[in-house]
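Engineer: pasting the structure only:
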């Protein structure tokens, strides 16, 4: 709501631009979530009699453009940039790190860019009473510490997602073949 009517064309233009930016940010949040929910809801009925629940989960776990997977991969990149500060990030409580970050006292490891993209999220993001990561990045620092504990390159999030994507592609090929045997329309690419 506006506190006062815009007095000039410039003030009106500023209000319109702000509303547009807010709407674009909301769309950037809502549509990836909605599309993910639609795919998750649509796959089981479409693949009934063709795929087991585990096979559907294999497909969903390796889906490209999954906003949560993309977010985790972006945070993994932050963790890789944070390697020189590993000991500090591992041995300082996340709340203290969050306070230092918000006070501008930490080195640039790319966390600002991450929070610009994902700071509107939180652990229980459907609860509007839970602080967003941009307001309290302590959970992000806890996850960074966990990522910094990964020492086996094969367990790195980027490698794990790469393998999940390959499994999903292989499963999709197999499920398409099964579906074609049940009827051409169901097995169409």
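Structural biologist: Okay, I see it. Values in this document were obtained by computation on a predicted structure and should not be read as measured data.
Engineer: quick check, central residue of the chain?
Structural biologist: Centroid-nearest residue in the chain, with Cα atoms, centre = their mean: residue 68, separated by 2.6 Å.
Engineer: where does that residue fall, phi/psi-wise?
Structural biologist: phi -70, psi -40 (degrees, to the nearest 10).
Engineer: and it, how far from residue 85?
Structural biologist: For residue 68, the distance to residue 85 (Cβ to Cβ, to the nearest Å) stands at 25 Å. From N, CA and C alone the C-beta is placed, and that goes for glycine too.
Engineer: same check on residue 144?
Structural biologist: 10 Å.
Engineer: ranges for the helices of the protein?
Structural biologist: Counting by DSSP state H, the chain has helices at residues 9-46, 53-61, 67-81, 86-91, 94-102, 111-118, 138-148, 157-182.
Engineer: indicate which one of those is closest to residue 128.
Structural biologist: helix 9-46 (13.0 Å; Cβ to Cβ).
Engineer: what's the burial count for residue 47?
Structural biologist: Applying other Cβ atoms under 10 Å, we find 18 residues neighbouring residue 47.
Engineer: returning to that earlier point: pick out whichever of residue 144 and residue 85 has more residues nearby.
Structural biologist: A side-by-side neighbour count of residue 144 and residue 85, using other Cβ under 10 Å, places residue 144 first with 25 against 16.
Engineer: that one is in contact with residue 80, isn't it?
Structural biologist: No. The pair residue 144 / residue 80 is not scored as a contact, 10.3 Å apart, by Cβ atoms under 8 Å.
Engineer: quick revisit: and the helices of the chain: which comes nearest residue 127?
Structural biologist: Of all these, helix 138-148 comes closest under Cβ to Cβ, at 13.5 Å.
Engineer: show me what that closest one is packed against.
Structural biologist: Contacts defined by 3 or more Cβ pairs under 8 Å, 6 or more residues apart in numbering; DSSP states H and E place helix 138-148 against helix 67-81, helix 86-91, helix 94-102, helix 111-118.
Engineer: ok, residue 159 - contacts?
Structural biologist: By Cβ atoms under 8 Å, 6 or more residues apart in numbering, the contact set of residue 159 is residue 153.
Engineer: do that again at 10 Å, thanks
Structural biologist: By Cβ atoms under 10 Å, 6 or more residues apart in numbering, the contact list for residue 159 reads 76, 150, 152-153.
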